[in-house]
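> Please work out how this folds:
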Amino acid sequence: MDEATALPDAPVSDWGIPGTYVFDSTRSRRGIALNRFAFSLTSPRNRETFRADEAAYMARFGVGAAAADAVRRRDWLALVSEHGGNIYYIYKVGAAVGHGLYHMGAQMRGQTYDEFLQTRAAKGAR
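The predicted model follows:
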């Protein structure tokens, strides 16, 4: 199943929790190509191949244009909220391109890396 047949226009419900992106069956179907690509980055050889030619590597998995653009822009939030990315798999993409968990978290919260780090040291950090 490629991204075009993975119900890209199916409505997504986040169960009424603002700012939360529930990874349910709808998102799972929407992100099947993206998640297969991301999971493949478990292999060091695949990470090297991806870094050598990101577009060609993503095309091998049928990652659609919008999701591939979000990967190129390193838009972690869009990958999860709009393109059906499983956060555990999307983290593999981040790691492959040198973006650690805190860099990804900062981007997802709309903060700079330094602003995000400040929240990690705060009592009751969330």
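> C-alpha from now on. contacts and neighbour counts both.
OK.
> Name the SS class of the closest residue to Leu34 other than its chain neighbours, please.
Nearest residue to Leu34 in three dimensions, chain neighbours excluded: Val63, at 5.4 Å (CA to CA, 6 or more residues apart in numbering). Put simply, Val63 is coil when judged by DSSP: H, G, I helix; E, B strand; the rest coil.
> what's the neighbour count on Val63?
26 (other CA atoms under 10 Å).
> and what of Leu41?
Using other CA under 10 Å, Leu41 has 21 neighbouring residues.
> And it, how close does it get to Met104?
Going from Leu41 to Met104 by CA to CA, to the nearest Å gives 17 Å.
> Please apply the same query to Gly31.
Distance from Gly31 to Met104, by CA to CA: 19 Å.
> likewise Ala33?
21 Å.
> and what of Lys92?
11 Å.
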